[in-house]
Structure formats: C-alpha cells, structure tokens
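# missing the sequence, but the structure's below:
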Ligand code: URA
C-alpha cells in the first residue's frame, strides 16, 4: 500500500502551494474517507478520496501521476517556461494544475511548428532529448529552391555544415514535391534541419515536426492545441529505439 503526505497530495491536486495546503488542512477543511484530518504531515493511502469543503478533488495516486501532453506548437512561440518578449509554449498550460512543474521535452525553433511533448517527468525529458538515444524525429520542410534526388544521398552520407565542427549523422530525406520534403534526424542539434538544407544551398521557409519516434502528431490538433497522451502513445515513442 503506497502512502503519500496529505499536504503534498492536496497541493498537487489543487495547484495550491504547500503552505496554502497546510493552512487549509489546519482549518479542518480537508477530509479523507469521511475523516477530517488536520495534520498536514499525515500519510494517506494512494487510493483514498480527498475532499475539500465537501468537493472531491481526487486521490493521492492521481496527484502522483506524471503527465504527458502532445502539443501542436504554434508559430512564433518559444519552447521555454517564460520569456519577456515572446509567447512561450508554457503559456498554453497556465490553467493546468501545477503548471510550473511542466516543461517542454526538447526544443523547436521559434518559427518551427508541430509536435512537442510537455511533461513533468524529468527522466522522460532526458530520454527524448539525449542524442545518445538516437530517437528519430521527423519534419516536413518547405524550401526556397528545387529539391533533387542527389540530395537524398547527400543527406544519407552525413553532411558537414561550415558552422559545425563535426558532420551530422546520416539523415533520411524523402522528397514529397519540388519544394517539400520529409526529413528524419536522430541528433537534434541546433537548427539541424535548416542547416542540412543549407549544406545543399537551400533555405527552409517553413518547418513542422510531425513525429517523435513512433508517435505522430494528431492532425485533429490545431496549432496551439494540446491533449494528454495515453499509455499506448507513450510506448509508441520509444518503439524500436534502444
Ligand atoms: N531543426 C531545425 O532546424 N529547427 C527545429 O526547430 C528543429 C530541427
């Protein structure tokens, strides 16, 4: 039987600080399984229903659960918690419980749209972003010139950009039409996709991430919308990875 501190569970479920949760409990407004508990430090069963002022707020297990959201990142938005001058992805989550513990798993450029995962699971963020995991990430890029078949081989051979010390790992280029291609990379280096095309004399004019590992962006999500990932989708991300 897993046990959780009452003030911690109340704070996680309500978004209140620990201090505010402590006060609420001391005021006798919190009950667990029909028993008013005034000791904030007492341990409660993870499946016990917590009630504040006669409204159920959930169980400690729900408070402990880690959250994973799929977001369709809008244009002109930074993958950051806060920024003085720009909109940030985390602005979309201000209404969520404990939004301050949620963070982007990795980064997309300000002018890149598409799939980003937001979570409060630090180990997961590491797994998604670590270049050592070689997790493939797929983008659709529109370029300002004409794509040619020879570029497929160049991408696959491991291109070297003048501003980078070492060449990129081989990338997969799938040409969709004259100006549009799907690109899959496994490193996630700074401006990687844009720089791969620059190596071939082309500039990217629009970039959207459509997949991370085996998880593809839900095309019913408009830019700026998000939803929680289910267990299957979480597994799909790392399917086929080491
Ligand atoms: N590659 C880029 O150039 N930009 C991104 O946002 C992601 C990958």
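Happy to help now that I have it. Worth saying up front: this structure is predicted, and the values here are computed from it rather than measured.
# beta partners for the residue positioned nearest the centre of the chain?
The residue lying closest to the centre of the chain (CA atoms, centre = their mean) is residue 117, at 1.8 Å. Beta bridges link residue 117 to residue 70, judged by DSSP bridges.
# would you confirm that it contacts residue 72?
No - in this structure, residue 117 is not within contact of residue 72 by CB atoms under 8 Å, at 11.4 Å. C-beta coordinates here come from the backbone N, C-alpha and C atoms, glycine included.
# any low-confidence regions in the protein?
For the chain, residues meeting the criterion pLDDT under 70 lie at 1, 240-242.
# measure residue 25 to the ligand for me?
Plainly put, residue 25 is 45 Å away from the ligand if you go by CB to the nearest ligand atom, to the nearest Å.
# how about residue 177?
According to CB to the nearest ligand atom, residue 177 and the ligand sit 20 Å apart.
# now do the contacts for the closest residue to that residue other than its chain neighbours.
Setting aside the residues directly before and after it, residue 177 is nearest to residue 147 in space (CB to CB, 6 or more residues apart in numbering), at 8.0 Å. Contacts for residue 147 (CB atoms under 8 Å, 6 or more residues apart in numbering) come out as 175, 177, 178, 179, 180, 181, 202.
# by neighbours, which of those wins?
residue 181 (24 neighbours; other CB atoms under 10 Å).
# ok but that residue is inside a helix, no?
No - under DSSP: H, G, I helix; E, B strand; the rest coil, residue 181 sits outside any helix and is assigned strand.
# I figured it hits residue 148, correct?
No - contact between residue 181 and residue 148 fails when scored by CB under 8 Å: they sit 10.6 Å apart.
# helices or strands next to the helix or strand hosting residue 209 in the packing?
Residue 209 is located in strand 204-212, with elements delineated by DSSP states H and E. On a contact count with 3 or more CB pairs under 8 Å, 6 or more residues apart in numbering; DSSP states H and E, strand 204-212 meets strand 112-119, strand 137-143, helix 192-199.
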